[in-house]
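Novice: Predicted structure and sequence below. I'll ask about it afterward.
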Amino acid sequence: MFDALYIGATGMQAQQAGVETIANNLANVNTPAFKRGRVGFADLMAREASRSAGAADGSNVPMQAQRLGAGVAIAGIGKVFDAGELKKTESPLDLAIRGEGFLEVTLADGTHAYTRGGSLKVSKEGLLVTQAGHALRPSIAIPDNAESVSIAADGRIVVRVANQSTPVEAGQLDLLRFASAGQLQAMGDNLYRASETSGEPLAARPGEDGAGLFAQGFLEGSNVKMVDEMVNLMLAQRAYEASVKVVQAADEMLGLVNNLRK
Amino acid sequence: MNEVLAIGLQGMQGDMARLDQVGMNLANALTPGYKRGIAVQGPIGASFAAYLGAATGATNAEAAVPTLRSQVTSDARPGTLKLTGQSLDVALVGNGYFEVMTESGPAYTRSGSFRLDGQGKLVTAQGHAVMGNSGEIVLKTASPTIDASGAIHASTSPDTQPLGRLRIVEFEAGTRLERLGDNLVAGNAGVKPLAEEAIQVRQGFLENSNVSSTYEMTTLIQTMRHFESMQKVVQSYDDMLGNAIRKLGEN
């Protein structure tokens, strides 16, 4: 009956999604390898059916198509894969990627996910796994009697075993890249899943074709910038408030209409 | 006899349309590249006189129906630029539109919040392909360099062959723009490429909407009060009619 109410409501919904994303970013400001989320907005139009039926050349746009719009929509919530700052931890199983690229892990259900690294550990089965227990792919077996593990920048893993003078090669870590990493689907636990819009994972040798290098003994900090998030939070809050005012005004006007007849 | 009621009705409908537009503008205050819409209502007197004229036998068919729906025009002034630092965010300084391809033909946008799709094609947030001077643009890297003329290079060295060049157009003078949603517009007349020296692309920026919340809030108050006064006009007229009927009935 009265578009302004609904338009105001779309504004409130969109800004709420904005605040939620910002809150998630701020909550993870100290989470290693966290990538900040970003909301995009687009205007929403009540479109006449005739537009989609014809007028492909844009020349005979019908007059009725000039209609008031219907608010704002969320164009997409994506991740921003800007690099975070690398922090030295000295822990031999902390692994970060300097530059672009992802490590592949196998989930409990056998499917694959991708991560930017983090604190690794050796599982009961002697495999190199992430903190949450997902095995790296290809799987890397660390012998029981290993004294030290070293991961070279190119992903080669060498293990020094007790009573042996020469180190043993334990495997090679690969990096994967995506055509559109920002469209990866975040699953929590710093894991991402490939989606239709992110493209298939492409194998890349560390240090080549724009892929990054491994950095052992480092953790990647989150790429959340406090100041940006705070400013965006204020903007989102005020924009939300403005839409509330519109809804209130629309409601008041409807009240006046109903009081036309005393 | 009911002209006052009709005028009141039209005034109130105009106010409602204006409130819709205020709501639309405020809801899109943070939408990149959004252009403020202005609801314009023709003078009530003019359309009403034309309506009366038609009713008394004038032959002007155009005037037969007073335009109840107000027209929306766009405030085309550019918004300020916001630094995002993302290599696939581009903003236009000055005139022009990016061309994108939708299912129903080309459309135009000033929102340069682009991304790559799974095949490395440059697309908008909704997945519409962004057009270059020679068709769709496919990039191998998600962090290309885009120079001020819209040429996209794979690396920072400027002497490499560009991967593509963003197609930046302007509408013929006097084109009526239709908003399609998704930050897109289309025109009822043709487009022509923007003159090369007028193209100013800024990578790593997005254009803010040109909505001013102060202006919108003032319009909101104005609209509310106008609506209220129109309501009073209708009520007073109703009272008057009621009184007249009663008084005349007494005699």
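Specialist: Thanks, I have it. None of these values were measured; they are calculated from a predicted model.
Novice: A:E200 and A:A194 touch, don't they?
Specialist: Yes: under the criterion of CB atoms under 8 Å, A:E200 makes contact with A:A194 at 6.6 Å. For the C-beta atoms, the positions are set from N, CA and C on the backbone; glycine is no exception.
Novice: Comparing these two, which residue is more hemmed in?
Specialist: Remark: of A:E200 and A:A194, A:A194 carries more neighbours, 21 against 11, as counted by other CB atoms under 10 Å in any protein chain shown.
Novice: Distance-wise, check the more buried one relative to A:E104.
Specialist: Look at A:A194 and A:E104: by CB to CB, to the nearest Å, they are 10 Å apart.
Novice: pLDDT below threshold where in chain A?
Specialist: For chain A, the stretches with pLDDT under 70 are A:1, A:46-69.
Novice: Any idea what A:E100 is bridged to?
Specialist: A:A211 (DSSP bridges).
Novice: Distance of it relative to A:A113?
Specialist: 17 Å.
Novice: try A:M226
Specialist: Using CB to CB, A:M226 is found at 28 Å from A:A113.
Novice: Pick out the residue in the stretch 101-250 of chain A sitting closest to chain B.
Specialist: A:G199 (3.4 Å; CB to the nearest CB).
Novice: if I've got this straight, that residue is in a helix?
Specialist: No: counting by DSSP: H, G, I helix; E, B strand; the rest coil, A:G199 falls outside a helix, being coil.
Novice: Contact partners for it?
Specialist: A:F178, A:A179, A:S180, A:Q183, B:L116, B:D117, B:G118, B:Q119, B:G120 (CB atoms under 8 Å, 6 or more residues apart in numbering or on different chains).
Novice: And for B:Q86?
Specialist: Here B:Q86 is in contact with A:V80, A:D82, B:G204 (CB under 8 Å, 6+ apart).
Novice: Now do the shared contacts for A:A194 and A:E104.
Specialist: A:H112, A:Y114, A:P201.
Novice: And these, which of them are buried?
Specialist: A:Y114, A:P201 (16 or more other CB atoms under 10 Å in any protein chain shown).
Novice: follow-up on the earlier one: hey, what's in contact with both of A:E200 and A:A194?
Specialist: Common neighbours of A:E200 and A:A194, using CB under 8 Å, 6+ apart, are A:F178.
Novice: A:G99 against A:F214, yeah?
Specialist: No: assessed by CB under 8 Å, A:G99 is found out of contact with A:F214, at 9.7 Å.
Novice: These two - which one has more neighbours?
Specialist: A:F214 (24 against 15).
Novice: quick one: the more buried one is in a helix?
Specialist: No: membership of A:F214 in a helix is not supported by three-state DSSP, which gives strand.
Novice: Please report the distance of it from A:L191.
Specialist: Counting by CB to CB, the gap from A:F214 to A:L191 is 18 Å.
Novice: Measure how buried residue 13 is and give me the count.
Specialist: If you meant another chain, say so; for now it's chain A. A:Q13: 17 neighbours (other CB under 10 Å).
Novice: that's the wrong chain, I wanted chain B
Specialist: 16.
Novice: same deal with A:V231?
Specialist: 12.
Novice: Is it part of a helix or strand, or is it coil?
Specialist: helix.
Novice: What's opposite the most centrally placed residue in chain A in the beta bridge?
Specialist: Central residue of chain A (CA atoms, centre = their mean): A:K79, 3.0 Å from the mean position. Residues in a beta bridge with A:K79, per DSSP bridges, are A:G37.
Novice: Test my guess that it contacts A:K35.
Specialist: Yes: A:K79 is within contact range of A:K35, at 4.6 Å (criterion: CB under 8 Å).
Novice: where do the contact lists of these two overlap?
Specialist: A:A186.
Novice: still on that earlier bit, more neighbours, A:M226 and A:A113?
Specialist: Counted by other CB under 10 Å, A:M226 and A:A113 do not tie: A:A113 has more neighbours, with 22 against 10.
Novice: list the buried ones in stretch A:227-234?
Specialist: By 16+ other CB under 10 Å, the buried positions in stretch A:227-234 come out as A:E229, A:N232, A:L233.
Novice: which ones are touching the first one?
Specialist: This points to A:E229. A:E229 touches A:I22, A:N25, A:L26, A:V29, A:R36, counting by CB under 8 Å, 6+ apart.
Novice: Check the last one too.
Specialist: Under the criterion of CB under 8 Å, 6+ apart, the contact partners of A:L233 comprise A:V19, A:I22, A:A23, A:L26.
Novice: Name whatever forms a beta bridge with B:A129.
Specialist: Under the criterion used (DSSP bridges), B:A129 bridges to B:M101, B:V123.
Novice: Now do the same contact list for it.
Specialist: Per CB under 8 Å, 6+ apart, neighbours of B:A129: B:V100, B:M101, B:K121, B:L122, B:V123, B:E136, B:I137.
Novice: same thing with B:M131?
Specialist: B:F98, B:E99, B:V100, B:M101, B:P106, B:I137, B:L166, B:R167.
Novice: Okay, helices next: where are they in the chain?
Specialist: Using chain A. Ranges of helices in chain A, per DSSP state H, are A:3-27, A:49-53, A:226-258.
Novice: that's the wrong chain, I wanted chain B
Specialist: B:3-27, B:44-55, B:213-250.
Novice: tell me the mean pLDDT over the shortest one?
Specialist: Mean per-residue pLDDT for helix B:44-55: 59.
Novice: Next: stretch B:86-106.
Specialist: Here the average pLDDT along stretch B:86-106 is 92.
Novice: The stretch 151-262 of chain A against chain B: which residues are in contact?
Specialist: Residues of the stretch 151-262 of chain A lying close to chain B (CB under 8 Å from any CB of the partner chain) are A:179-183, A:196-200, A:210, A:235-236, A:238-239, A:242-243, A:245-247, A:249-250, A:252-253, A:256-257, A:259-262.
Novice: Please convert the buried members of the residues you listed into ChimeraX selection syntax.
Specialist: In ChimeraX, the members of those classed as buried (16+ other CB under 10 Å) are selected with the following command:
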select /A:179,180,181,182,183,197,198,199,210,235,236,239,242,243,245,246,247,249,250,253,256,257
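Novice: In contact with B:H128, which residues are there?
Specialist: B:V100, B:M101, B:T102, B:A107, B:D182, B:L184.
Novice: what's across from the residue lying closest to the last one once chain neighbours are set aside in the sheet?
Specialist: Nearest residue to B:L184 in three dimensions, chain neighbours excluded: B:A107, at 4.0 Å (CB to CB, 6 or more residues apart in numbering or on different chains). Beta-bridge partners of B:A107, counted by DSSP bridges, are B:V100.
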